[in-house]
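*Asks:* Dropping the sequence and predicted coords here.
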Amino acid sequence: MESSCETCAYFVRHYIKIGEKYKTASGGHCFYPRIKLRFEDTPACDHYQAQEKQKAD
């Protein structure tokens with residue numbers, strides 16, 4: 001599996017408000033080492049850091 005921005009710890013997804021609900025956008029931004037626009041299918045860069053899985057209680 002190839003790494004992409006979607007699975008990076010530095011990727012923050014953007015949302016779109018439609019009426020009273022929010023929908024996920026395909027884009028977002030990366031905040032390391034500087035803020036830059038990225039999309040979920042963008043290939044990961046050299047700063048890629050895998051997201052930690054959250055434990056279900």
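*Replies:* Cool, got the structure.
*Asks:* so what's the residue positioned nearest the centre of the chain up against?
*Replies:* By CA atoms, centre = their mean, the chain has its centre lying nearest to Phe11, at 3.2 Å. Neighbour list for Phe11: 5, 28-30, 38, 40 [criterion: CB atoms under 8 Å, 6 or more residues apart in numbering]. Every C-beta, even on glycine, is put in place using the N, C-alpha and C of the backbone.
*Asks:* ok, now Arg38?
*Replies:* Listed by CB under 8 Å, 6+ apart, the contact partners of Arg38 are 5, 11, 27-30.
*Asks:* Equivalent analysis for Lys21, please.
*Replies:* Counted by CB under 8 Å, 6+ apart, Lys21 has zero contacts.
*Asks:* how close does it get to Tyr15?
*Replies:* Distance of Lys21 to Tyr15, given as CB to CB, to the nearest Å: 10 Å.
*Asks:* Pairing partners for Phe39 in the sheet, please.
*Replies:* Gly27 (DSSP bridges).
*Asks:* ok, it touching Gly27?
*Replies:* Yes. If you go by CB atoms under 8 Å, Phe39 and Gly27 touch, sitting 4.9 Å apart.
*Asks:* can you pull the pLDDT of Lys55?
*Replies:* Among the per-residue scores, Lys55 holds a pLDDT of 61.
*Asks:* measure Gly19 to Arg13 for me?
*Replies:* 20 Å.
*Asks:* Mind checking which of the two has more residues around it?
*Replies:* Arg13 (14 against 5; other CB atoms under 10 Å).
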